[in-house]
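*Asks:* curious how this folds, go ahead:
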Amino acid sequence: MRALVAVLVALALVVGAVGGVVGAIFVTSASPVQPVADGGQASGPTLVSSQSNGQPQAGGNATYASLYERSIDSVVSLRVSTSAGPSQGSGFVYDDQDHVVTNEHVVAGADEVEVRFQRGDWRTGTVVGTDVYTDLAVVEVDDPPSYAEPLPVADGHPVTGQPVAALGSPFGLEGSITSGIVSGANRSMATAQGFSIPATVQTDAPINPGNSGGPLVSLDGTVVGVNRAKEGDNVGFAISASVVNRVVPELVADGEYRHTFVGVRTLPVTPMVAEGNGLETPEGVLVVDVLEDGPSTGTLQPSDGEAQVDGNRVPTGGDVIVAVDGTPVATNEDLSRHLLLHTKPGDTVAFTVVRDGERTNVSVTLDERPQP
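*Replies:* Prediction:
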C-alpha cells in the first residue's frame, strides 16, 4: 500500500519529509582537531535585494576568483569542545557587533568555542543564541580582527539556476570554495530529529563535513543561505537568507526564537486524496488530526473516516486548508513557510478551508511551539 505521510505543521516544523528529502545528514566534522592559529557604532547586517544576485560576467573563473577575494576574510572556522568530544564547522561575520552566524548543531552543547579567521587569527567565542527548529546559532566573538567585515544578507529568495558558491572548511580544509547553482528554492529539508525546515535552498555546490554554518553566496558576495546538510552527490541544502533575516535578529536580542504552533497533522491533497474526499480539484492540505486542547481545537475539523481508493486507505472528512491569511496553500511546505516567515505566537491567522464541499474562513490564535 502506498504510504500517505501526515505532516505536523508548526512554525519551522513539518514532521516527516513530504516534499523534502528523507535522510539528509548533518555536515559537521567530528574528527579530532589540531589547533594551528571593534569597536565603532553598532549596526545590523546589510540587506541586499536578491535581484542583485547577478549572473556570471565574461570569464566565469575570474568571477569566482574575485568573489573569493572579496568574501573569504569574512568566513571563519569554528572549533567546538563538548562533553561528547571535539567537532568543527564554519560560520560567517554577520554584523559589526562581533556576531558570527553558524548552525545550531555545530555549537550544540558547547563548553568552549574557538574561532579562527582566514589570516590565522584565533579568538574566543560565546554562544549567545540558538534555534534547533531552523538549525541557526549566533556566536559572539571576542575582539574580531578589523579585516573581517560583515557579509551582506539577501532580503529575498534566490533564483533557481543562479550561480552560487559555498564557502567554509570542508574536512577541516579552511578557506575553501566550491561552486554550483541554486537547484531549487523554497524546499523543505527533513532533519534527523523528525521535523523539517521550510524555505531552504537546494544547491549542487558541494557541501561536505565541516561546511556546516558557512555561507552560500551569490557571485556578488551576498549570503543567500547558510550551508547545513547534504543528501547525496550534487544535492545539498542551506537555510535560506529569508529565514536568517527572520530568526537571527531575535537570537542576537533574546537568545532564542519563538516559533508558532498550529497543532494539526496535515496531508497534501493528491488526486487520490481528492477522489477519496469527493473533491473536484486536488489542492490544499487535508487536516488529519487536531491536537487535543491545542490552538486549533474546536476550530479546524479533523478527519473522521477513511475511504478505499485503488486499494489504498485515504483519510476523509477533515477540513482542507487552501489558504492562510489569503496566501494560497498547495502543500505542507507552503503552510509551514508562511507560519515561519510571517507569524508569531499570539497572532490570529485566517484559514480558508473547504468543509463539506463549501469554502469558509476560520480563525486560529497561534500558540508557541514547545522545544523538542
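*Asks:* against which helices or strands is the top strand by length along the chain packed?
*Replies:* Counting residues, the longest strand found in the chain (DSSP state E) is strand 176-190. Judged by 3 or more Cβ pairs under 8 Å, 6 or more residues apart in numbering; DSSP states H and E, strand 176-190 is in contact with helix 60-71, strand 163-168, strand 196-203, strand 223-232, strand 235-240, helix 332-342. Every C-beta, even on glycine, is put in place using the N, C-alpha and C of the backbone.
*Asks:* what's the angle between the longest one and strand 176-190?
*Replies:* Per axes from the mean of the first three to the mean of the last three Cα atoms, to 10 degrees, the angle that helix 60-71 makes with strand 176-190 is 80 degrees.
*Asks:* still on that earlier bit, buried residues in the longest strand of the chain, which are they?
*Replies:* 176-190 (16 or more other Cβ atoms under 10 Å).
*Asks:* nearest to residue 74, of those?
*Replies:* residue 177 (12.8 Å; Cβ to Cβ).
*Asks:* bridging residues for that closest one?
*Replies:* When bridges are called by DSSP bridges, residue 177 pairs up with residue 167.
*Asks:* poorly predicted segments of the stretch 201-350 of the chain, please.
*Replies:* By pLDDT under 70, the stretch 201-350 of the chain contains no weakly predicted segment.
*Asks:* all the strands of the stretch 201-350 of the chain, in order from the start?
*Replies:* Using DSSP state E, counting those that start in this stretch, the strands of the stretch 201-350 of the chain run over residues 215-218, 223-232, 235-240, 260-268, 285-290, 305-309, 312-316, 320-324, 327-328, 348-355.
*Asks:* got it, and the stretch 1-150 of the chain?
*Replies:* 7-10, 13-14, 25-26, 47-48, 75-82, 85-93, 99-102, 110-116, 122-131, 136-141.
*Asks:* buried residues, the longest one. List them.
*Replies:* In this case it means strand 122-131. By neighbour count on 16+ other Cβ under 10 Å, the buried set for strand 122-131 is 123, 125, 127, 128, 129, 130, 131.
*Asks:* is it possible to export those to JSON lines including distance to residue 63?
*Replies:* Putting the buried residues of strand 122-131 into JSON lines (distance: Cβ to Cβ, whole Å) gives the following:
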{"residue": "123", "distance to residue 63": "31"}
{"residue": "125", "distance to residue 63": "32"}
{"residue": "127", "distance to residue 63": "35"}
{"residue": "128", "distance to residue 63": "35"}
{"residue": "129", "distance to residue 63": "34"}
{"residue": "130", "distance to residue 63": "35"}
{"residue": "131", "distance to residue 63": "34"}
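*Asks:* widest-spaced pair of these?
*Replies:* 123 and 131 (23.1 Å).
*Asks:* can you tell me which of the strands of the stretch 1-150 of the chain is nearest to residue 152?
*Replies:* strand 47-48 (4.4 Å).
*Asks:* quick one: contacts for the nearest residue to residue 183 once chain neighbours are set aside?
*Replies:* Excluding the flanking residues, the one nearest residue 183 by Cβ to Cβ, 6 or more residues apart in numbering is residue 202, at 4.4 Å. Listed by Cβ atoms under 8 Å, 6 or more residues apart in numbering, the contact set of residue 202 reads 182, 183, 184, 185, 187, 235, 236, 237.
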